[in-house]
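> Structure for this input, please:
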Amino acid sequence: MARILIVDDSPSQLLGLKRIVEKLGHEALTAEDGAAGVEVAKREIPDLILMDVVMPNLNGFQATRTISKDPTTAHIPVVLVTTKDQETDKVWGMRQGAKAYVTKPVREEELAATLKALLPA
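Now for the predicted structure:
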């Protein structure tokens, strides 16, 4: 079982992702915006982070960059989970340090495959 941090400012998205993560047998931690996500990541050191992009305070691109550049959190894979589905968004997200990019609405099978690929066996 992995500890997965879900960062999303939408309560319904947060709940939906939490349900999927827990159904897949993992523990879910949550944060409501990018700044809180960075704080929780530093404090809890989760095994993986699911990060929304469009959020107040610190957007997902900024939060991902912060997490991937900090020595205490740089090893944590970040998966961007967003409605932004343009190729330029995907390229930019990966340049910020994301390891994968999943578009909303999230399909459980796609998320399960992404988690399996990024989490240690």
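
> Once you drop chain neighbours, what's closest to Val79?
Closest residue to Val79 apart from its sequence neighbours, by Cβ to Cβ, 6 or more residues apart in numbering: Ala100 at 4.5 Å. (C-beta placed from N, C-alpha, C; glycine too.)

> What about that neighbour? Give its phi and psi, please.
Dihedral pair for Ala100: phi -160, psi 170, per degrees, to the nearest 10.

> Begin at 10, not 1, for the rest of this chat.
I'll keep to 10 as the first residue from here, and by that count the last item is Ala109.

> So for it, what pLDDT did the model give?
Ala109 carries a pLDDT value of 98.

> Counting neighbours, what do you get for it?
Residues lying near Ala109 (other Cβ atoms under 10 Å) number 21.

> now Leu23
Residues lying near Leu23 (other Cβ under 10 Å) number 19.

> and it, what is it in contact with?
By Cβ atoms under 8 Å, 6 or more residues apart in numbering, Leu23 lies in contact with Ile15, Asp17, Thr39, Glu41.

> I'd like a version of those residues in a markdown table, one that adds pLDDT as further columns.
Converted to a markdown table, the contacts of Leu23 look like this (pLDDT from 0 to 100):
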| residue | pLDDT |
| --- | --- |
| Ile15 | 98 |
| Asp17 | 98 |
| Thr39 | 98 |
| Glu41 | 97 |
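
> Out of the residues you listed, flag the one nearest to Asp56.
Checking the contacts of Leu23 against Asp56 with Cβ to Cβ, the nearest one is Ile15 at 12.4 Å.

> Where does that closest one sit: helix, strand or coil?
Here Ile15 takes the strand state, with states given by DSSP: H, G, I helix; E, B strand; the rest coil.

> Quick check: it vs Met103, distance?
Plainly put, Ile15 is 20 Å away from Met103 if you go by Cβ to Cβ, to the nearest Å.

> So which of these two has more stuff around it?
Just comparing Ile15 and Met103: by other Cβ under 10 Å the higher neighbour count belongs to Ile15, 27 against 14.

> Perfect, I'm done here.
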